[in-house]
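Novice: Below are the sequence and a predicted model; questions follow.
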Amino acid sequence: MIREHFEFRQTIATILADEPRHIEAAKSGMMAARQEVERQIARDPYFAATLEPYTPETPERTPDRMARAAAEAGVGPMAAVAGAIARAGVEAMVEAGAAFGLVDNGGDIALVSDREVRIGVYAGTSPLSRHIAFLLPPQKEILGICTSSATVGPSISFGTADAVTVFSPDVAAADAWATAICNWITADDTSVLDALSGTSVRGVLAVIGDAVIRWGDLPPVVRARVDERLITAGRSPV
């Protein structure tokens with residue numbers, strides 16, 4: 001397996017693939033998606049500024065995915081940008097013939113896989129951080145695994161959760177919902193999860209201190225030692 005770090009402006013990602021050409025395809029896909037987002041912001045700066053749902057006029061594919069996902073979750077479009085760009089990278093890998101491909105865009109992951117994969121959970125100072133992982137079976141279709149935190153990283157959050165991880169085949173939606181759930185969920189109030197019925201979200205795991213909250217259909221959670229050197233750190237949610 002090839003692991004490559006990729007940075008361009010605010011995008012800081014880790015790409016996993018079996019072949020160098022699939023790494024290059026992921027980079028091209030992410031760059032194309034970034035350019036769509038940048039063009040959208042250039043002609044409509046409100047798209048980047050609002051924290052509320054917003055539907056732009058005649059958006060390109062990536063901004064449209066972001067806006068639709070954010071509207072469903074009740075957040076601003078930029079809450080879905082990292083997931084949308086990660087998805088574009090993996091889509092390009094699949095188009096290049098990859099049976100295995102993963103893009104981790106600062107904790108927002110898109111993947112396809114012909115093998116079992118472990119995805120570690122990093123939840124800041126929670127006692128559970130770095131000690132558990134999801135054991136994912138092979139994924140023929142693209143899957144999003146996106147995480148938001150109120151205690152780790154630079155992204156805007158109005159909540160208190162150490163980590164909220166959302167699984168969805170719509171990677172932008174996984175990203176947007178991770179933000180929305182992290183904004184509202186507490187160990188004593190999980191009512192925000194009631195809004196997930198009828199959405200594309202398959203499962204949610206929230207870590208708040210030593211409390212773990214589960215919703216929906218999650219892959220097995222196993223004990224693991226997460227190597228912090230493999231965590232893709234980001235300066236910005238773009």
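Specialist: Noted; the coordinates are in hand.

Novice: Tell me the confidence at residue 238?
Specialist: pLDDT for residue 238: 39.

Novice: Repeat that for residue 182.
Specialist: Confidence score, pLDDT, at residue 182: 93.

Novice: is it fair to say it lies in a helix?
Specialist: Yes - using DSSP: H, G, I helix; E, B strand; the rest coil, the secondary structure at residue 182 is a helix.

Novice: From residue 33, how far out is it?
Specialist: Noted for residue 182: a distance of 23 Å to residue 33, by C-beta to C-beta, to the nearest Å. Any C-beta I mention is one placed from the backbone N, CA and C, and that applies to glycine too.

Novice: ok, now residue 88?
Specialist: Counting by C-beta to C-beta, the separation of residue 88 from residue 33 is 4 Å.

Novice: Now the common contact residues for the two.
Specialist: Common contacts of residue 88 and residue 33, defined by C-beta atoms under 8 Å, 6 or more residues apart in numbering, comprise residue 62.

Novice: Just give the number of residues close to the closest residue to residue 218 other than its chain neighbours.
Specialist: Computed as C-beta to C-beta, 6 or more residues apart in numbering, the closest residue to residue 218 that is not its neighbour in sequence is residue 203, at 3.9 Å. A total of 18 residues lie near residue 203 under the criterion other C-beta atoms under 10 Å.

Novice: Go ahead and confirm residue 203 touches residue 213.
Specialist: No - taking contacts as C-beta atoms under 8 Å, residue 203 lies outside contact range of residue 213: 11.3 Å.

Novice: who does the strand or helix carrying residue 133 pair up with?
Specialist: Element membership of residue 133 [criterion: DSSP states H and E] is strand 132-136. Take DSSP bridges as the rule and strand 132-136 pairs in its sheet with strand 117-120 (antiparallel), strand 221-223 (antiparallel).
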